[in-house]
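Engineer: Just a sequence and a predicted model for now, questions to come.
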Amino acid sequence: MARGRRPRPAERGRGRPVPPPLGGAMVTRRESGRDGEWNVRHVPGGSSVKDYRCPGCEQLVAAGTGHVVAWPADGYGGVEDRRHWHLPCWNARERRRPGFRRR
Ligand SMILES: [Zn+2]
């Protein structure tokens, strides 16, 4: 007859932590480059659930790969403006473009 306690759905702090969705607890940084000001967010591996096309190397950023999301800081229009980069490609984007001079 002992039914025991039913686990309450409201009980928190137990079980596996749920990773925050995109736009959750992740930190957005402001970076400026020759191509303007960017909002940059680092997406840890495992948080992405889609494949993206990296504008740096035009290869896929596979789902589950840690990467960088960047969008123009001025003219923030929405999710469509975001670009998903491999981290090395994002860091190298200015170096691969001729004409950019670092001060
Ligand atoms: Zn890339």
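Structural biologist: Here it is on my side, so go on.
Engineer: and stretch 93-101, what's its mean pLDDT?
Structural biologist: Averaging pLDDT along stretch 93-101 yields 65.
Engineer: what sits up against stretch 51-71?
Structural biologist: Identification of contacts with stretch 51-71 by Cβ atoms under 8 Å, 6 or more residues apart in numbering yields 22, 31, 38-50, 81-87, 89-90, 92-93, 96. C-betas here are computed from N, CA, C, even on glycine.
Engineer: Give me the buried positions along it.
Structural biologist: Tyr52, Cys54, Gly56, Val61, Thr65, His67, Val68, Val69, Ala70, Trp71 (16 or more other Cβ atoms under 10 Å).
Engineer: ok so, going back, from the contacts of stretch 51-71, which land in strands?
Structural biologist: Among the contacts of stretch 51-71, the ones falling in strands (DSSP state E) are Glu31, Trp38, Asn39, Val40, Arg41, His42, Val43, Arg83, His84, Trp85.
Engineer: Please enumerate the helices of this protein.
Structural biologist: For the chain, helices defined by DSSP state H occupy the ranges 87-92.
Engineer: which bits of it sit near the ion?
Structural biologist: Counting by Cβ under 5 Å from the ion, the chain comes close to the ion at Cys54, Gly56, Cys57, His86, Cys89.
Engineer: Which entries within the contacts of stretch 51-71 meet the buried criterion?
Structural biologist: Buried members of those, scored by 16+ other Cβ under 10 Å, are 38-41, 43, 47-48, 82-87, 89-90, 93.
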